[in-house]
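In: Pasting the sequence and the predicted model now:
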Amino acid sequence: MRGSKVEPIRQSIQFPKKFLDKNALRVVNTIHKAGFEVYLVGGCVRDLLLGLEPKDFDVATNAKPEQVHKLFKRSRVIGRRFRLVHVMFGARDFIEVATFRSGKVQTAKNGVIMRDNRYGKLENDVVRRDFNINALYYDVHKQEVIDYVGGLKDIEASEIHMIGEAKSRFKEDPVRMIRAVRFSEKLNAELSHEIQDCIMEQASLLSNISPARLYEECIKLFQNEYSFQVYEQLEHYGLLKHLFKQTHKDAFIKKACINTSQRIKQNKPVTPAFLFAVFLWQAQNNRFTRIKKKQHSFNLAMMQACDETIIQQIKQVSLPKYLTARIRDIWMMQSKLEKMHPKKVQFLLGHPRFRMGYDFLVLRSKSINPELKEVADFWTKAQEEPLDSHE
Ligand code: ATP
Ligand code: MG
């Protein structure tokens with residue numbers, strides 16, 4: 001283990017109370033009062049040290065899942081591969097509590113983790129985490145960060161190193177490769193040469209991951225303020241084709257990623273349907289052109305092209321049904337918007353997906369389809385005018 005020491009570095013740090021999540025503190029206090037060891041851990045400690053607002057707060061303890069579950073009325077034990085407790089504070093608002101793991105994992109023949117449910121001590125838990133910067137523990141009561149692996153030094157130096165040997169750690173869980181790329185962009189940190197080389201060599205391992213898990217990861221990859229940089233790095237490392245084999249970079253994709261990042265900065269809502277629709281637009285178009293040669297109905301050819309493109313995609317990254325329906329709507333709306341049929345204007349303006357279809361059209365007009373500028377202007381104006389003037 002790189003920089004591993006039996007005695008950890010303990011650094012006193014007082015994070016301002018307002019930066020610490022109230023619910024996470026409640027969970028920590030309750031577990032602490034019951035006499036267990038308990039820490040904030042992972043990304044939240046890393047982000048607090050960097051002055052960033054953590055996305056979520058994770059808790060690690062020596063209490064077993066059943067013991068944690070007993071302490072909180074509104075909690076549930078989840079997971080099979082990793083058993084965890086979710087302490088609920090609202091329908092979607094929960095704090096995840098993990099019991100220290102032994103670090104000894106059961107792996108399948110191909111090196112992939114099957115089970116990781118043997119419990120251990122804090123110093124064992126450290127080594128099953130992915131990167132040094134993600135293996136810092138914060139003792140809320142003593143107000144100190146505990147560092148067994150040199151995570152503090154790496155944060156200082158903006159570097160990302162693997163805990164243990166990168167080659168086998170990526171084999172154990174190939175999702176760590178896309179996490180590495182994401183953290184390097186999020187934190188503007190450099191990946192170690194070992195990590196870089198291993199990803200280049202082993203990118204194809206990503207194709208062993210279930211499409212459902214990759215869906216969750218894809219959202220984290222692209223719905224952020226550094227979406228396009230992540231896209232480019234995934235391409236650079238040969239990872240992108242294992243997520244979106246039908247996608248090839250163009251000006252539209254770049255524009256849409258940057259647009260997503262801007263919306264997030266402005267606290268505007270974003271949906272994964274939009275970026276997926278953009279990533280797959282060219283593939284859908286190419287299919288449509290091919291199908292249209294045999295199928296005379298425009299609508300049937302469009303629908304078949306939509307279906308085939310989506311079927312290919314969900315073999316790699318699955319999508320909930322309601323999102324594939326939205327993607328279809330966005331695509332099907334394009335030709336209708338392009339026609340600017342006077343009798344359809346009001347209907348389209350009132351369509352629940354109008355806004356997404358319109359945004360999609362505007363981005364096309366500003367990138368791959370400059371000839372659509374007039375059409376985009378037409379719909380921009382149409383929204384400003386009173387509804388009855390469109391008949
Ligand atoms: P963010 O929340 O910004 O995405 P994070 O580091 O908090 O980043 P989480 O997915 O919330 O990421 O995971 C919390 C912690 O769990 C990580 O910091 C890391 O220590 C550990 N972890 C998560 N996923 C893995 C993995 N695939 N392999 C090893 N450790 C992991
Ligand atoms: Mg997190």
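Out: That came through, no problem. Ligands and ions are numbered 1, 2, ... in the order given.
In: what's near enough to touch P174?
Out: By C-beta atoms under 8 Å, 6 or more residues apart in numbering, P174 lies in contact with V112, Q202, L205, L206, N208, I209. No exception for glycine: its C-beta is placed from N, CA and C like everyone else's.
In: How about G90?
Out: Here G90 is in contact with no residue (C-beta under 8 Å, 6+ apart).
In: quick one on the thing from earlier: give me the subset of the contacts of P174 lying in helices.
Out: Among the contacts of P174, DSSP state H puts Q202 in helices.
In: Among the contacts of P174, which one sits closest to L234?
Out: L206 (9.7 Å; C-beta to C-beta).
In: Look at the residue lying closest to that closest one once chain neighbours are set aside and report its pLDDT.
Out: Excluding the flanking residues, the one nearest L206 by C-beta to C-beta, 6 or more residues apart in numbering is H242, at 4.0 Å. H242 is assigned a pLDDT of 98 by the prediction.
In: and H242, what is it in contact with?
Out: When contacts are counted by C-beta under 8 Å, 6+ apart, H242 touches A203, S204, L206, S207, Q316.
In: Wasn't the last one part of a strand?
Out: No: secondary structure assignment places Q316 outside any strand; it is coil (DSSP: H, G, I helix; E, B strand; the rest coil).
In: And for it, the neighbour number?
Out: 19 (other C-beta atoms under 10 Å).
In: Contacts only, for the residue of the stretch 201-350 of the chain found nearest ligand 1.
Out: Distance from ligand 1 to each residue of the stretch 201-350 of the chain (C-beta to the nearest ligand atom) is smallest for K220, at 5.6 Å. For K220, the contacting residues are R182, by C-beta under 8 Å, 6+ apart.
In: same deal with the one 5 residues further on?
Out: With contacts defined as C-beta under 8 Å, 6+ apart, E225 is in contact with S261, I264, K265.
In: any idea how far the nearest residue to it once chain neighbours are set aside lies from ligand 2?
Out: Leaving aside its chain neighbours, E225 sits nearest to S261 (4.7 Å; criterion: C-beta to C-beta, 6+ apart). For S261, the distance to ligand 2 (C-beta to the ion, to the nearest Å) stands at 19 Å.
In: Repeat that for N285.
Out: Counting by C-beta to the ion - N285 and ligand 2 are separated by 37 Å.
In: How about A203?
Out: Distance, A203 to ligand 2, using C-beta to the ion: 24 Å.
In: wait, that residue sits on G238?
Out: Yes: with contact defined as C-beta atoms under 8 Å, A203 reaches G238; the gap is 4.1 Å.
In: So if I had to pick from the two, which one is more boxed in?
Out: A203 (20 against 16).
In: Okay, and G357 sits in which element?
Out: helix 354-365 (DSSP states H and E).
In: Mind jotting down where the strands sit in this structure?
Out: Using DSSP state E, the strands of the chain run over residues 9-12, 38-41, 58-61, 75-78, 84-88, 94-99, 106-107, 113-115, 136-139, 144-147, 159-160, 190-191.
In: re earlier: need the buried ones from the contacts of P174 selected in PyMOL.
Out: Buried residues among the contacts of P174 (16 or more other C-beta atoms under 10 Å), as a PyMOL selection:
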select buried, resi 202+205+206+209
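In: Let me have the contacts of P174 in JSON lines, extended by pLDDT.
Out: Shown next, in JSON lines, are those (pLDDT from 0 to 100):
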{"residue": "V112", "pLDDT": "73"}
{"residue": "Q202", "pLDDT": "97"}
{"residue": "L205", "pLDDT": "97"}
{"residue": "L206", "pLDDT": "97"}
{"residue": "N208", "pLDDT": "94"}
{"residue": "I209", "pLDDT": "96"}
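In: so how many other residues sit close to the closest residue to ligand 2 within the stretch 1-150 of the chain?
Out: With C-beta to the ion, the shortest gap between the stretch 1-150 of the chain and ligand 2 falls at G43, namely 3.4 Å. G43: 19 surrounding residues under other C-beta under 10 Å.
In: That one and L50: what is the separation?
Out: Here the criterion is C-beta to C-beta, to the nearest Å. By it, G43 lies 10 Å from L50.
In: who's in contact with the residue in the stretch 1-150 of the chain positioned nearest to ligand 1?
Out: When scored by C-beta to the nearest ligand atom, the stretch 1-150 of the chain has G43 as its residue closest to ligand 1, at 2.0 Å. If a contact means C-beta under 8 Å, 6+ apart, then G43 has P54, K55, D56, D58, N134 as its contacts.
In: filter these down to the ones near ligand 1?
Out: K55, D56, D58, N134 (C-beta under 6 Å from any ligand atom).
In: Against ligand 2, which of those make the cut? List them.
Out: D56 (C-beta under 5 Å from the ion).
In: which one of the ones next to ligand 1 among the contacts of G43 is nearest R290?
Out: Using C-beta to C-beta, K55 comes nearest to R290 of the ones next to ligand 1 among the contacts of G43, at 41.8 Å.
In: residues near that closest one, how many?
Out: Other residues close to K55 by other C-beta under 10 Å number 11.
In: Repeat that for L361.
Out: Neighbour count for L361, taken as other C-beta under 10 Å: 22.
In: Check what pLDDT the nearest residue to P269 once chain neighbours are set aside gets.
Out: Distances taken as C-beta to C-beta, 6+ apart put R263 closest to P269, at 7.5 Å, once the chain neighbours are dropped. Here the pLDDT value assigned to R263 is 96.
In: what does the average pLDDT come to for stretch 299-318?
Out: 97.
In: what's in contact with that stretch?
Out: With C-beta under 8 Å, 6+ apart as the test, stretch 299-318 has contacts from 207, 210-212, 214-215, 218, 242-246, 276, 280, 283-285, 287-288, 291-292, 295, 319, 324, 327-328, 331-332, 335.
In: Pull out the buried positions in that stretch.
Out: For stretch 299-318, the neighbour count (16+ other C-beta under 10 Å) marks 301-306, 308-310, 313, 316-318 as buried.
In: any low-confidence regions in this structure?
Out: For the chain, applying pLDDT under 70 flags the ranges 1-6, 103-106, 113-117, 386-391.
In: Okay then, goodbye and thanks.
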